[in-house]
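Asker: Fold the following, please.
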Amino acid sequence: MIKTRARIHSIEARPLSARLLEPFEIASARVETTLSVHVAATLSLEGGSETAEGLGEAASLPPVTRENQPEALATIRKAASSLTGILLPLPNISELQGKSGSSHALEPLFAELDAALTAIVPSSPVARAGLETAVLDAAARLLGLPLRTLLGGDPGEIELVTDITIPIGAPPHMADLARAWRAKGFTAFKVKVGKDFDHDIEALDGIARAVPGSVLRIDANAGFSSSEAIAFARELDRRKIPIDCFEQPCAAADLEGMAEVARSIAIPVIADESVATPADLARVLAAKAAGGVNLKLAKSGGPLGSLAIGRAALAAGLDLMVGGMVETRLGMTAAAHVAAALGGVRFIDLDTAWLLAEDLYEGGYRADGPKYVLGPEPGLGVRAVG
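Answerer: Numbering: from 1, shown residues only. Reported below is the predicted structural model:
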């Protein structure tokens, strides 16, 4: 039974740009700083004085995302006035304090928030992701629950182990990066490919030699045709370079090409750019275009959309990857809570906070090499520095 309501008291947003240790290049983009928006939402209990501030990151990465940073910021600031004052239903706090979230008890909250955001930001998934995350973080803090528990996950301490991304660069440098990360405890590497066939083969060959016995994953970011992707996988097989998964080999809309790749190679194909909505997932399933899907909050409008896609994918027998754009500790923590709430995520790709030259946040998780440990703190447990 709904016992109380929380009012969205205020929403504030500002640009969020953190320098990377070095340029991050993929087949479709190159960035030197994060291109995000910091969102802060304050909720207050109706008829009381208790308030909580939640945080969210709206992460853009054109052309992977439709929105850029200025557009997302403008959308969020415009939406703030419409969202301020909205009342959201909350379950009885005493019944949920320190316990697992009940999807039934929390369903009215999720439904009301989804309806409001769909009406106010109908076609801006990046902006919506920042807003939705901030409001859910604030609600979780009011209820005294970790965000993952609000979303249906376990309240206990959770450990996740991430891979680390090797962006496109000179092959010797890519091998050096892999070697340096291996020395820090990383054993799974996601290697960006899709820009130049011969370069990419040389780079992977060098990485395989530099970190023998490691898990190698490849991500073309839609950079290959189906025939190129098949030839690429076969050349890696000829060189006896084992690959754990092949992410988005072809263009997002080329489901026929993706399906041809999936039929022709033994490596599991993961859809990323091809899946941003449940309808996209249905099309991928119908085309048999992939054996897994990569969930990203910025693609799917936040935790709720990502959870819906993830649960449908698991029900259909697909593997799950949880990743992100180029995000700070704030965005990576939110994605980690979604992964923890889902459970059964085969590929954890939540590494970009390690690639930054500056950390603008604290809290959220404890890190030990590639290990994330999510603690019992309410909400995300993340705080802005300064």
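Asker: quick one: least confident helix or strand in this structure?
Answerer: helix 93-96 (a mean of 58; mean pLDDT, DSSP states H and E).
Asker: what packs against the helix or strand just after it?
Answerer: Using DSSP states H and E, the helix or strand that follows helix 93-96 towards the C-terminus is helix 103-120. Applying 3 or more Cβ pairs under 8 Å, 6 or more residues apart in numbering; DSSP states H and E, one finds that helix 103-120 contacts helix 69-83, strand 87-91, helix 125-143, helix 303-315. For the C-beta atoms, the positions are set from N, CA and C on the backbone; glycine is no exception.
Asker: what bits of the stretch 251-386 of the chain have low per-residue confidence?
Answerer: The stretch 251-386 of the chain contains no residues with pLDDT under 70.
Asker: OK, contacts around the residue nearest to residue 276 when sequence neighbours are not counted?
Answerer: Spatial nearest neighbour of residue 276, chain neighbours left out: residue 299 (4.3 Å); criterion: Cβ to Cβ, 6 or more residues apart in numbering. Residues in contact with residue 299 (Cβ atoms under 8 Å, 6 or more residues apart in numbering) are 65, 125, 275, 276, 306.
Asker: What of residue 89?
Answerer: By Cβ under 8 Å, 6+ apart, the neighbours of residue 89 are 2, 4, 5, 108, 109, 112.
Asker: and with 7 Å instead?
Answerer: 2, 5, 108, 109, 112 (Cβ atoms under 7 Å, 6 or more residues apart in numbering).
Asker: just residue 76 next, same as before
Answerer: Here residue 76 is in contact with 13, 37, 39, 58, 127, 130, 131 (Cβ under 7 Å, 6+ apart).
Asker: could these be laid out in JSON lines, adding distance to residue 326?
Answerer: Output for the contacts of residue 76, formatted as JSON lines (distance: Cβ to Cβ, whole Å):
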{"residue": "13", "distance to residue 326": "19"}
{"residue": "37", "distance to residue 326": "13"}
{"residue": "39", "distance to residue 326": "17"}
{"residue": "58", "distance to residue 326": "13"}
{"residue": "127", "distance to residue 326": "17"}
{"residue": "130", "distance to residue 326": "15"}
{"residue": "131", "distance to residue 326": "20"}
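Asker: Reformat those residues into a markdown table and put neighbour count next to each item.
Answerer: Formatted as a markdown table, the contacts of residue 76 follow (neighbours: other Cβ atoms under 10 Å):
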| residue | neighbour count |
| --- | --- |
| 13 | 25 |
| 37 | 30 |
| 39 | 31 |
| 58 | 35 |
| 127 | 31 |
| 130 | 39 |
| 131 | 32 |
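Asker: now those in a markdown table, with pLDDT?
Answerer: Output for the contacts of residue 76, formatted as a markdown table (pLDDT from 0 to 100):
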| residue | pLDDT |
| --- | --- |
| 13 | 99 |
| 37 | 99 |
| 39 | 99 |
| 58 | 99 |
| 127 | 99 |
| 130 | 99 |
| 131 | 99 |
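Asker: Please enumerate residues in contact with the helix or strand harbouring residue 22?
Answerer: Using DSSP H and E, residue 22 falls within strand 19-25. By Cβ under 7 Å, 6+ apart, the residues outside strand 19-25 that reach it are 30, 31, 32, 33, 167, 168, 169, 326, 355, 356, 357, 358.
Asker: List only buried entries from the contacts of residue 89.
Answerer: 5, 109 (16 or more other Cβ atoms under 10 Å).
Asker: And the contacts of residue 89, which is closest to residue 375?
Answerer: residue 109 (23.2 Å; Cβ to Cβ).
Asker: Just say which of the helices and strands packed on helix 103-120 is most tucked in.
Answerer: Neighbour counts (mean count of other Cβ atoms under 10 Å) averaged over each of those peak at helix 125-143, with a mean of 30.
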